[in-house]
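Undergrad: let's see this in three dimensions:
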Amino acid sequence: MNKLLKQALLIIRRLPLLIESRFDKNFLSPDVPIAKNVSHKKWQNYLYEIGNKPGMRVLEIGSREVTGTSNARKKFTNAEYVGFDYYPGDNVDVVGDAHKLSSYFKNGEHFDLIFSSACFEHFAMPWLVTKEISKLLKVGGHIFVETHFSHSSHERPWHFFQFSDMALKVLFPEALGFKCIEAGMSNPIVGRFSSLADDYLKNKPVGGLYCHSEYLGRKTREVDINSFDWAQLDLSSVVEKTVYPQPKA
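TA: So this is what the prediction gives:
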């Protein structure tokens, strides 16, 4: 009887979702680009296609098997695959701190493809990591990052940032030698403020939420990383001719 009651309650709970889900498109933001080639569902096959070639070297930052088995090493059988992670474990070749990434490799050692999934939100200073990536990536090589724009808190206290597509573009600017190929979001989320929120926010819908943000870029030139200083960058050079939205009349 209890099992039947639970099933009935589950069905009743789902009924409102069947109606509400018809309006999910209303929660999308028209000015947010949806990733196409490197969306959450497609990025792995995209990288396997461009990186699994003889003579190519591939570095994965955050390679340890945490939520499941990794297929990366099997999919990069024609290339040289190196797994890097903060802790030793399955699918890890090099253990270290991504903020000091280049220090774990020989001077002059480079990669054709560097990628990372679900890691950048756990870097305390991601702008340092992008400098380290620039040191190791060959000119003409590809960089791919997938992280979160909207996601539940996890692996605290080392959960530091959430990133939009624009944030990832800023982290990989032309001044560091990068050219953006594609940046966008995927996996929209439907949200609302809970009954525990402040009175003026309770149960109000929240639009423009997306679980994943993705960035695919290419290194176009060498940069003197030792002289590179984020504080010296002109803001206009990293926001791509955009401006903060003007006040509404």
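Undergrad: other SSEs contacting the host helix or strand of residue 133?
TA: Per DSSP states H and E: residue 133 is located in helix 126-136. Counting contacts by 3 or more CB pairs under 8 Å, 6 or more residues apart in numbering; DSSP states H and E, helix 126-136 packs against strand 57-61, strand 111-117, helix 165-171. (C-beta placed from N, C-alpha, C; glycine too.)
Undergrad: what pairs with the helix or strand just after it, parallel or antiparallel?
TA: Once the chain leaves helix 126-136, the next helix or strand it forms, by DSSP H and E, is strand 137-148. Strand pairing for strand 137-148, using DSSP bridges, gives strand 111-117 (parallel), strand 205-219 (antiparallel).
Undergrad: state the three-state secondary structure for residue 65.
TA: coil (DSSP: H, G, I helix; E, B strand; the rest coil).
Undergrad: any idea how far residue 76 is from the residue lying closest to it once chain neighbours are set aside?
TA: Nearest non-adjacent residue to residue 65, counting by CB to CB, 6 or more residues apart in numbering: residue 90, 4.4 Å away. Per CB to CB, to the nearest Å, residue 90 is found 16 Å from residue 76.
Undergrad: over to residue 121?
TA: 24 Å.
Undergrad: mind putting the helices and strands packed on helix 126-136 into JSON lines with distance to residue 216, mean neighbour count and mean pLDDT?
TA: Converted to JSON lines, those look like this (distance: least, CB to CB, whole Å; neighbours: other CB atoms under 10 Å; pLDDT from 0 to 100):
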{"stretch": "strand 57-61", "distance to residue 216": "14", "mean neighbour count": "25", "mean pLDDT": "98"}
{"stretch": "strand 111-117", "distance to residue 216": "9", "mean neighbour count": "23", "mean pLDDT": "98"}
{"stretch": "helix 165-171", "distance to residue 216": "10", "mean neighbour count": "20", "mean pLDDT": "97"}
